[in-house]
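Student: Predicted model follows, preceded by the sequence.
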Amino acid sequence: MSSQILETLSEEETQNFAIQCADEAVKGDIFLINGPLGAGKSVFCRSFIHHLVDKDIDVPSPTFTLVQTYDAPKSTIWHFDLYRLESPEEIYELGWEDALQDNILLIEWPERLENLKPAHYKEIIIEPIDDESRKITLNIKKEI
């Protein structure tokens with residue numbers, strides 16, 4: 001697994017990191033977005049989606065719907081928020097198998113997947129330092 005660590009000093013810098021990830025994203029990429037409540041997971045996802053789809057579209061957090069999809073020129077983006085998932089198997093009711101078919105996935109609260117976590121992914125860990133600053137770790141795990 002390879003890692004990269006950076007510190008962002010503002011929400012705008014966190015958004016810029018999301019844009020960089022979106023620029024580099026390709027079909028089949030799975031981003032696991034980790035961090036405590038209020039860390040900036042939704043800020044990251046919203047910026048990523050706005051950059052690839054349209055900066056003026058509404059990008060609500062899928063906290064209650066659990067998943068939202070967006071058609072982008074690169075690929076369909078599936079944005080999951082698994083905070084309210086009660087068991088990992090519930091992910092199948094959300095179209096999990098379809099999502100894994102050559103799309104880009106953004107998954108908030110990926111620990112809820114437990115043993116269903118994919119074999120390859122890009123993990124983004126966002127840790128608040130203070131109100132604006134964040135430590136962001138990017139881990140890339142590829143199948144062996």
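Tutor: Cool, got the structure. Residues are numbered from 1 along each chain as shown.

Student: Just give me the residue closest to the centre of the chain.
Tutor: Leu106 (3.0 Å; CA atoms, centre = their mean).

Student: Show me the beta-bridge partners of it.
Tutor: With DSSP bridges as the criterion, Leu106 is bridged to Phe31, His79.

Student: how close does it get to Val53?
Tutor: For Leu106, the distance to Val53 (CB to CB, to the nearest Å) stands at 12 Å. (Each C-beta comes from the backbone N, C-alpha and C, glycine too.)

Student: where do the contact lists of the two overlap?
Tutor: Overlap of the contact sets of Leu106 and Val53 (by CB atoms under 8 Å, 6 or more residues apart in numbering) consists of Ile77.

Student: For this protein, give me the ranges with low pLDDT.
Tutor: The chain contains residues with pLDDT under 70 at 1, 143-144.

Student: Check which residues of the biggest helix by length in it are buried.
Tutor: In terms of residue count, the longest helix belonging to the chain (DSSP state H) is helix 11-24. Neighbour-count burial for helix 11-24 flags Glu13, Thr14, Gln15, Phe17, Ala18, Ile19, Cys21, Ala22 (criterion: 16 or more other CB atoms under 10 Å).

Student: helices or strands up against that helix?
Tutor: When contacts are defined as 3 or more CB pairs under 8 Å, 6 or more residues apart in numbering; DSSP states H and E, helix 11-24 packs onto strand 2-8, helix 41-52, strand 121-128, strand 134-141.

Student: Which residues does that helix contact?
Tutor: Residues contacting helix 11-24 (CB under 8 Å, 6+ apart): 6, 8, 31, 40, 43-45, 47-49, 51-52, 122, 124, 126, 132, 134, 136, 138.

Student: In a markdown table: the buried residues of helix 11-24, plus distance to Pro73.
Tutor: Listed next are the buried residues of helix 11-24 as a markdown table, based on distance: CB to CB, whole Å:
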| residue | distance to Pro73 |
| --- | --- |
| Glu13 | 26 |
| Thr14 | 24 |
| Gln15 | 20 |
| Phe17 | 21 |
| Ala18 | 17 |
| Ile19 | 15 |
| Cys21 | 16 |
| Ala22 | 11 |
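
Student: Please list all residues in contact with the residue nearest to the centre of the chain.
Tutor: For Leu106, the contacting residues are Phe31, Ile33, Cys45, Phe48, Ile49, Ile77, Trp78, His79, Phe80, by CB under 8 Å, 6+ apart.

Student: Appreciated, that's everything.
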